[in-house]
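A.B. asks: One predicted model, sequence on top.
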Amino acid sequence: MPYFRIIITGFAKLLSKVFSMATLTFFGRIPSKDNSKVSLMGLLSLYWLYVFLSVLFPDLAEMFIPFVPDDDTIVRITSIAIFIILPLVVGFISTRMENRSEDKMLVKQVLMGYPYAFTLGLLSTLLVIVIPIIKIPNFLKFHEQAQFAIMIRKGKYEDVLEDLQSILDKHNIKSEVHSPNKFIWTCFITLSYVLERIYNRELSKKMKYITVEVEGKEVEITLHATDISMIGPRKQVYYIKHTLSEELEPANLYFSWDDTIQDMEDDIRELKRKFDDGEEVTWESITEVSDRLRNTPLTNEDWNAVRRQIYKLEREYYKQLYHNEKKNKSDEKQL
């Protein structure tokens, strides 16, 4: 029995990894606070489809529903019960999302678990088969995949795409933009529609690939509305990631998905605008954002993304201070 539990646990972790990889490949990053919930919904939906098979074919129940007595009637009743209840669990989990826009239709959202379970289950089945096949060439070449979270502001996708190309051109990196194939695009659109209803908000349905060459090695960049993903040789991938992380500005995007962090990013953006317009920015206004960051529970990646922006503000502050002192000394000499 312990061996069975170990096998089930390992299989669940493998499926969770595959589903997480699928959402990264076809959609981009899920909000950090909700990633495990979306993965759980995908796994339950995948299991739900298999349980449905045991309703039609009770002989399969031993494979999909362990510990059920060898009785067709009990097997069928158990399968039907799981088949009815599991989508409601999926629907309930969707109401627990941290970043879901609130509404009062709790019962309706729970019942939406049925179409969610069917769509996510079918999509998960495809992805469990397709994702490893898609990734085989990269595995064989020992390629690295890296991501960092963003959320493009509404209507600004093309601007961010242009910003990426400008940064690459600045570093003499040639880039070529192209669209995903029909299969990936279909999976992407399907998952986007489901996540829109789960989060009760409109999500961008744009996705482009950018192929670049660094030191003679090819790297593929995927720009989602919520993620920038890079895959290729390790050295070249991290060169691209570090370059974009350093030079991308928050004018057209957020560096996080979660609403509470985006509030801080809005404040940072406003302070940056004041610097750009030559307005006075106090040290207290910068440290206030820094203190809020320190007291907000975040993943390391989200913390680093916001802290990197604050470092830039601090740098701009000292530049402002230096230029003001220089100007004051120049004025004193003239007097």
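C.D. replies: Arrived safely, thanks for sending.
A.B. asks: Can I get the helix or strand harbouring T260 as CSV, trimmed to CA atoms?
C.D. replies: According to DSSP states H and E, T260 maps onto helix 259-276. Extracted C-alpha coordinates of helix 259-276, given in CSV (Å, rounded to 0.1, in the frame of the first residue of the first chain):
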residue,chain,number,x,y,z
ASP,A,259,-3.4,43.1,-8.0
THR,A,260,-1.8,44.1,-4.7
ILE,A,261,1.6,44.3,-6.3
GLN,A,262,0.3,46.2,-9.3
ASP,A,263,-0.9,48.9,-7.0
MET,A,264,2.8,49.4,-5.9
GLU,A,265,3.9,49.4,-9.6
ASP,A,266,1.3,52.1,-10.4
ASP,A,267,2.9,54.3,-7.7
ILE,A,268,6.4,53.5,-9.0
ARG,A,269,5.3,54.4,-12.5
GLU,A,270,3.9,57.7,-11.3
LEU,A,271,7.2,58.5,-9.5
LYS,A,272,9.1,57.6,-12.7
ARG,A,273,6.8,60.0,-14.7
LYS,A,274,7.7,62.8,-12.3
PHE,A,275,11.4,62.1,-12.8
ASP,A,276,10.9,62.1,-16.6
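A.B. asks: what does the following helix or strand past that helix contact?
C.D. replies: Downstream of helix 259-276, the next assigned helix or strand under DSSP H and E is helix 283-294. By CB atoms under 8 Å, 6 or more residues apart in numbering, the residues outside helix 283-294 that reach it are 264, 267-268, 271, 303, 306-307, 310, 313-314, 317. For the C-beta atoms, the positions are set from N, CA and C on the backbone; glycine is no exception.
A.B. asks: Give the buried residues for helix 283-294.
C.D. replies: Neighbour counts over helix 283-294 (16 or more other CB atoms under 10 Å) mark 286, 289-290, 293 as buried.
A.B. asks: And for stretch 200-209?
C.D. replies: Result for stretch 200-209 [16+ other CB under 10 Å]: buried residues 200, 203-204, 206-209.
A.B. asks: biggest separation within the buried residues of helix 283-294, which pair?
C.D. replies: Greatest spacing in these, by CB to CB: I286 and L293 (10.9 Å).
A.B. asks: quick one, strands of the stretch 1-150 of the chain?
C.D. replies: Ranges of strands in the stretch 1-150 of the chain, per DSSP state E, counting those that start in this stretch, are 144-149.
A.B. asks: Ok, the stretch 151-300 of the chain next?
C.D. replies: Using DSSP E, counting those that start in this stretch, strands in the stretch 151-300 of the chain cover 151-152, 175-178, 208-214, 217-223, 227-232, 253-254.
A.B. asks: any idea of the mean pLDDT in the longest helix seen in the chain?
C.D. replies: For the chain, the helix with the greatest residue count under DSSP state H is helix 300-334. On average, the pLDDT along helix 300-334 is 83.
A.B. asks: how far does that helix sit from the chain's center?
C.D. replies: The chain centroid and the centroid of helix 300-334 are separated by 32 Å under CA atoms, centre = their mean, to the nearest Å.
A.B. asks: just checking, what packs against that helix?
C.D. replies: strand 144-149, helix 259-276, helix 283-294 (3 or more CB pairs under 8 Å, 6 or more residues apart in numbering; DSSP states H and E).
A.B. asks: Was I right to think V55 contacts I77?
C.D. replies: No: using CB atoms under 8 Å, V55 makes no contact with I77, being 9.8 Å away.
A.B. asks: and E176, what pLDDT?
C.D. replies: E176 is assigned 93 on the pLDDT scale.
A.B. asks: Residues in a beta bridge with it, which ones?
C.D. replies: T211 (DSSP bridges).
A.B. asks: follow-up on the earlier one: relative to V90, which of the strands of the stretch 151-300 of the chain is closest?
C.D. replies: strand 227-232 (23.5 Å).
A.B. asks: and the angle for the closest one with strand 217-223?
C.D. replies: Orientation of strand 227-232 against strand 217-223 (axes from the mean of the first three to the mean of the last three CA atoms, to 10 degrees) gives an angle of 160 degrees.
A.B. asks: Return the distance of strand 227-232 from the chain's centre.
C.D. replies: 12 Å.
A.B. asks: Verify the stated contact: Y47 with I65.
C.D. replies: No: using CB under 8 Å as the test, Y47 is too far from I65 to be in contact (9.6 Å).
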